[in-house]
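Novice: The sequence isn't on hand, but the structure is:
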């Protein structure tokens, strides 16, 4: 189960809305071994695409060095879908490289309502998990 503060959910959704119609992407880092998302890190979708996201390799290397220096791990890896439901595509599953991370998807296809869901993805196997939003 993903336990996440409401302010972090709001930040993810706001980022997804800002980048629409392109997919938004980012990471929420947390202390190593805690499974607690704490530090919101919006990233640039290097693909600048409405159907695909890609972290810039230089930005990603910098982020991982920074997290390593802070004893952090990527607790949440998020991105948005702009025209489909919040469910990982085959491409999303194939590029998921962090077996301990929560993969969060937000759908911005409806301008009034967002869909927010979380998954574990290990060896391209997708398992949806409950989300508990806390204040």
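Specialist: Done, it's in. These numbers come from a predicted model, not from an experiment.

Novice: can you give me the helices for the chain?
Specialist: 6-19, 57-69, 90-95 (DSSP state H).

Novice: so what secondary structure elements neighbour the first one?
Specialist: Helix 6-19 is packed against strand 25-31, strand 39-43, strand 72-81, strand 102-107, strand 115-122, strand 131-134, with contacts defined by 3 or more C-beta pairs under 8 Å, 6 or more residues apart in numbering; DSSP states H and E. Where C-beta positions appear, they are placed from N, C-alpha and C, glycine not excepted.

Novice: Can you list the buried residues in the fifth one?
Specialist: If you call a residue buried by 16 or more other C-beta atoms under 10 Å, then strand 115-122 has these buried ones: 115-121.

Novice: next one: the shortest one
Specialist: Of the residues in strand 131-134, none is buried under the neighbour-count criterion (16+ other C-beta under 10 Å).

Novice: List the neighbouring strands of that strand plus their orientation.
Specialist: Paired with strand 131-134 in the same sheet, following DSSP bridges, are strand 2-5 (parallel).
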